[in-house]
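Colleague: Please work out how this folds:
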Amino acid sequence: MSRVKRGVTAHAKHKKVYKAAKGFYGRRKNTIRAAKPAVEKAMQYAFRDRKRKKRTFRALWIQRINAAVRPFGLTYSRFIDGMAKSGITVDRKVLSDLAVNEPAAFQAIAEKAKAALAA
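Modeller: Numbering: from 1, shown residues only. Prediction:
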């Protein structure tokens with residue numbers, strides 16, 4: 001049986017790791033022994049943070065909504081309660097966008113929510 005040299009496949013595998021390690025600092029970008037675990041760890045962080053991103057954005061939207069309803073004499077929780085009672089179904093992402101870009105439309109929603117709480 002003939003001898004198989006594996007240099008070509010090994011080089012291809014290493015190339016893939018080096019490409020993923022581009023931008024890393026020091027030996028982590030150009031030495032396979034250091035790059036491989038660094039890339040694996042980076043992939044773990046990426047997987048975890050794709051899930052976390054959703055939480056982070058929801059928290060940001062809630063903070064923006066809370067800040068926007070304070071001038072109308074409401075808190076975030078009272079505002080959401082008022083929206084539920086008035087039958088307005090707008091998600092937090094859209095509410096946050098309205099608060100930032102369309103203050104007049106957001107004010108109208110806030111007033112309806114406040115009226116529903118009083119009733």
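Colleague: For the rest of this, base every contact and every neighbour count on C-alpha atoms.
Modeller: OK.
Colleague: Let me see the ranges of the helices in the protein.
Modeller: Taking DSSP state H as the criterion, the chain contains helices spanning 7-20, 32-69, 76-86, 92-101, 103-118.
Colleague: out of those, nearest to Gly26?
Modeller: helix 32-69 (9.4 Å; CA to CA).
Colleague: name the helices or strands packed onto that closest one?
Modeller: helix 7-20, helix 76-86, helix 92-101 (3 or more CA pairs under 8 Å, 6 or more residues apart in numbering; DSSP states H and E).
Colleague: Including mean neighbour count and mean pLDDT, could those go into TSV?
Modeller: Converted to TSV, those look like this (neighbours: other CA atoms under 10 Å; pLDDT from 0 to 100):
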stretch	mean neighbour count	mean pLDDT
helix 7-20	13	95
helix 76-86	18	96
helix 92-101	17	97
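Colleague: of all those helices, which lies closest to Arg48?
Modeller: The nearest among those, by CA to CA, is helix 7-20 at 17.3 Å.
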